[in-house]
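J.: The following comprises the amino acid sequence and a computationally predicted model.
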Amino acid sequence: MSEFVLPVRVYIEDTDAGGIVYYVNYLKFMERARTELLRSYGYDKPAFWADNLMFVVHSVQVNYRSPAQLDDELQVSAVIEKVGRTYFDVAQQVRRGDTVLCEGVVRVANVTRDGMKPKALPTDMRQQLTG
């Protein structure tokens, strides 16, 4: 499956007192890339809400390797790694040039908005995500 890449600039609001990116902000960068990846497939959040569906993060596995700093230009990637009946896994990296700063796998579950119950991914979406 193809890699989606979102460019991100590090702003002062992303850093801690030492001028390095605060660890949780890598997860925010990854969220943006996953959202834009789905949008590139034609799926935006309002469309799912209209069908009483929504995506929630089920689990995250993250490895931090090297810090990003104020004003860095980063590339945040997202690749669909696995598609299950009610979820999909996204392999993600935050890079500065060729250097991997952070990497992880995020499992995203599909649930109903009204009851937060697991729900099968729509058939057309499963087909598109599996390539």
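T.: Structure received.
J.: next helix or strand past the helix or strand bottoming out on mean pLDDT in the chain?
T.: Every helix and strand of the chain was ranked by mean pLDDT, DSSP states H and E. The lowest is helix 45-50, at a mean of 65. For helix 45-50, the succeeding helix or strand toward the C-terminus, using DSSP states H and E, is strand 53-64.
J.: Which elements pack onto that next one?
T.: Using 3 or more CB pairs under 8 Å, 6 or more residues apart in numbering; DSSP states H and E as the contact test, the elements touching strand 53-64 are helix 23-40, helix 45-50, strand 99-112. Using the backbone N, CA and C atoms, a C-beta is placed for each residue, glycine as well.
J.: and whichever helix or strand comes after that strand, which strands flank it?
T.: Where DSSP H and E defines the elements, the next helix or strand beyond strand 53-64 is strand 73-83. Strand pairing for strand 73-83, using DSSP bridges, gives strand 4-9 (antiparallel), strand 87-96 (antiparallel).
J.: Give me the average confidence score over strand 73-83.
T.: Taken as a whole, strand 73-83 has an average pLDDT of 97.
J.: Buried deepest among the strands paired with strand 73-83, which one?
T.: Most buried of the strands paired with strand 73-83 by mean neighbour count (mean count of other CB atoms under 10 Å) is strand 87-96; its value is a mean of 21.
J.: Give me the angle between that one and strand 53-64.
T.: Orientation check (axes from the mean of the first three to the mean of the last three CA atoms, to 10 degrees): strand 87-96 against strand 53-64 gives 40 degrees.
J.: List the residues that contact the most centrally placed residue in the chain.
T.: Geometric centre of the chain, nearest residue: residue 34, 3.2 Å, by CA atoms, centre = their mean. Residues near residue 34 by CB atoms under 8 Å, 6 or more residues apart in numbering: 78, 90, 92, 106, 108.
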